[in-house]
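Trainee: Model the structure of this input:
(chains A and B)
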Amino acid sequence: MSANSLDRGVPSVFVVPLCQVILGVFLFIALFYAERPLAMLAILVLGLAVGAKVWARASLSGMRCSLSVDKKRAFPDEELTLRISAENRKLLPVWFQVNVPVGGLLRPSSSGGILTNEARLLWYQRAHFQWKLTAQRRGVHSIGPSRLSAGDLFAFFTKTKKTEELHSIIVYPRLVSLKSFSFPKRDFFGVPGAKSPVQDPIYILGTRDYQQGQPAKRIHWKASARHHRLQQKIFEPSEQEKILLVVDVAQFAKNGAENEFEQTLEIVASLALRLDRRGDAVGLLTNGAVVGNGPAGVPISKSNSQLPAILEVLARLRMEPEGDCIHTLRRELEASWGISCVHFSYEEGETVALFKEYYRHHRKPVTFFVCRPGLNSREDKPRGCQDVHRLDDIRMKEDPRNETGI
Amino acid sequence: MDFGLCQRIIENIARVIVGKKESIGLLLAALVADGHVLIEDIPGLGKTLLAKSLAKSIGGSFRRVQFTPDLLPADITGFNVYNQQAGQFIFQPGPVMANILLADEINRTIPRTQSSLLESMEERQVTVDGKTYPLPHPFFVMATQNPIELEGTFPLPEAQLDRFLLRVRLGYPEKDEEIAILQRFQEKDPLTELEGVSNPGQVAELQHARKGIHVSQPIREYITGMVGATRRHPSLRLGASPRASLNLMRAGQARAVLNDRNYVLPDDIKSLAVPVLSHRLILKEEERLRGETAEHLMEQIIHQTPVPAPVR
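Mentor: This next block holds a predicted model:
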């Protein structure tokens, strides 16, 4: 069913009593002059009005209404289906209308963001309404609480109540295509497979026949005894890459750069997805406020729920600074070792220089991404493990709105 | 056939394990169905205690293996050792030679070692240096995985997960159950006083009797309908296999045995569909990002699959 904005406002308090008074006077006159047909007509109309009013008063009792959304999390431009099921659990037929506010989700826009539909329900009858909504932008959007109106079959008199059912829809940042990019690492451990120049002596992947010239400590004596020939251990690094994505919200807020902020979050989300697919442990750290007052970051980890947690924080993030980034960063860097950082900021200035110094002091490899590079960015590139890039250096220019393969 | 034996085993285990009747029932159903169980849970919930209680209740042998990255296949299956006095190689059986094997944190060992265990589970025998040794009967494996932290692990691939009859999650006990645990274990360990109520031979007879439980045509169609729905679901990249259909039927027969019936009901299939099928499903990535789970999708499929009407 499509949205239908039919206005069924409750009759004004000045209209209904006025009509009743007029009818009452009419009835009095008819009785006074013994005009039977007129008196009968007046009584009939009055009776209908009273009956409709009593009907309306009883209309909401026994009415059950439930709201459901097929997706609680979505990406921009994805379609969601909103379903409302209304049931009349009594013998009295009713007219019924539901109004559901949907915040910034609806596209195309309709009636100021309120969905409306109505039906006439007989005794113990059910009605189902359905709307297709399109997630327009990143954030946390509410659906509800819905307003239910019920009344007599002709909707002369209605009663309204508000439900407490509220659904929050989380819209993640849009995913964009990224160019290939490698991040600097300090520790040799963490690159799986043949790329690592140093093997982890703790993690034994398996055994193979002993190769001439290998040190004796690599011989696996138990396996050699079982195979009746010398076997040597094959090692693999036990550490995966650990990458912390840092977003400096304060810089964006200070410059009022809302577009750049959204673009940055899109790249952060896409990068987190790529790293997660690659098997790396990813974390997120921001100094921004979040909708719902939850944590503004996700500790570095590698689990199935890690990426959804990061995307949720990015969806909830507001362009309002909260907390000291350096302080939060210190806690995270001290708790983890062997991590690389990817730092996102608005422009290359004093704050970025401060962060560069901080990372250098803690010997953490870091890559900076800024929306606006500084004037001398090309000549003033820091040495060692730090570098500053523009967002365009990692985002695919040809088709920036393509998703990364999902 | 003494179908009351199953209830006696469950009640015997309940003398050690507080609550978790549903999980105990699932484990016993897997044992009667001649399958194996994957337990995905965090440490400290009583997995080892449950396995030991089950082994004691059925009078069988119990072995536990803590899987580590340096474990080799021979550590599971066994190996030949040269005996100087005898002047020949003597086979040292591995922990797989037990009625109940608890394979702890199977995802922490290398894929080669995982495969050696999974092959033993499938073939019910091990081959060492060209000689084949049959495994004891019944042979039941409870493998565990920690679902929280995947760093440094080798999660079982989908093809291997399919070999487990069902996946069980014990979960935290309720508050009153936890109080009962403290009371029960305060002064003594009830496991030491637990006695067997059965023997491996009786369990083997139960497994044989399970095969004779009647499965009607509507039930078979119900099973294949549900499994087929997993293959067509838009949120799933991979649905359940024909092995899953077979396992669901066997688990249904085992549930009928536990309830002292010689026929399978749709309710048996309904109650077992999530533990039997959900670990075999692979979600599409966008669904995983939305926080969707295989269990939730499976429950949707169960609701949407029409239940067969009673045959008159």
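Trainee: how far does stretch A:285-293 sit from the chain's center?
Mentor: Taking Cα atoms, centre = their mean, to the nearest Å, one finds the center of stretch A:285-293 at 13 Å from the center of the full chain.
Trainee: can you tell if that stretch touches chain B?
Mentor: No - Stretch A:285-293 is not in contact with chain B by Cβ under 8 Å from any Cβ of the partner chain; minimum separation 15.2 Å. The C-beta positions use only the backbone N, C-alpha and C, and glycine is treated the same way.
Trainee: need the contact list for the residue of chain A found nearest chain B.
Mentor: Here chain A gets closest to chain B at one residue, residue A:73, 4.0 Å apart by Cβ to the nearest Cβ. By Cβ atoms under 8 Å, 6 or more residues apart in numbering or on different chains, the contact set of residue A:73 is A:169-172, A:308, A:311-312, A:315, B:289-291.
Trainee: Sketch out the low-pLDDT regions of chain A for me.
Mentor: A:1-16, A:106-113, A:184-205, A:236-240, A:335-337, A:373-387, A:398-406 (pLDDT under 70).
Trainee: Could you identify the helix or strand that succeeds the longest helix that it contains?
Mentor: Taking DSSP state H as the criterion, chain A has its longest helix at helix A:36-59. Scanning forward in sequence from helix A:36-59 by DSSP states H and E, the next helix or strand is strand A:63-69.
Trainee: What strands line up against whichever helix or strand comes after that following strand, and which way round?
Mentor: Downstream of strand A:63-69, the first helix or strand assigned by DSSP H and E is strand A:73-74. Here strand A:73-74 has these sheet partners by DSSP bridges: strand A:167-171 (parallel).
Trainee: Show me the beta-bridge partners of the residue of chain A closest to chain B.
Mentor: residue A:170.
Trainee: Which of the contacts of residue A:73 fall within strands?
Mentor: When these are checked against strands (DSSP state E), the matches are A:169-171.
Trainee: name the helices or strands packed onto the longest helix of chain A?
Mentor: For helix A:36-59, the packing partners by 3 or more Cβ pairs under 8 Å, 6 or more residues apart in numbering or on different chains; DSSP states H and E come out as helix A:15-32, strand A:94-101, strand A:147-151, strand A:158-162.
Trainee: Same list (those) but as TSV, adding mean neighbour count and distance to residue B:79.
Mentor: Listed next are these as TSV, based on neighbours: other Cβ atoms under 10 Å in any protein chain shown; distance: least, Cβ to Cβ, whole Å:
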stretch	mean neighbour count	distance to residue B:79
helix A:15-32	13	94
strand A:94-101	22	68
strand A:147-151	23	73
strand A:158-162	15	73
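Trainee: which residues of the stretch 151-300 of chain A fall in strands?
Mentor: A:158-162, A:167-171, A:204-209, A:231-235, A:242-247, A:281-286, A:288-290, A:297-301 (DSSP state E, counting those that start in this stretch).
Trainee: Tell me the one of the ones in strands among the contacts of residue A:73 nearest residue A:296?
Mentor: residue A:170 (15.3 Å; Cβ to Cβ).
Trainee: Format the helices and strands packed on helix A:36-59 as a markdown table; extra columns: distance to residue B:229.
Mentor: As requested, the helices and strands packed on helix A:36-59 are exported to a markdown table (distance: least, Cβ to Cβ, whole Å):
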| stretch | distance to residue B:229 |
| --- | --- |
| helix A:15-32 | 55 |
| strand A:94-101 | 31 |
| strand A:147-151 | 35 |
| strand A:158-162 | 38 |
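Trainee: which residues touch the residue nearest the centre of chain A?
Mentor: Geometric centre of chain A, nearest residue: residue A:170, 2.3 Å, by Cα atoms, centre = their mean. Residue A:170 makes contact with A:72-74, A:140, A:312, A:315-316, according to Cβ under 8 Å, 6+ apart.
Trainee: Derive a PyMOL selection command for the buried subset of the residues you listed.
Mentor: Remark: buried members of these, expressed as a PyMOL selection using 16 or more other Cβ atoms under 10 Å in any protein chain shown:
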select buried, chain A and resi 73+74+140+312+315+316
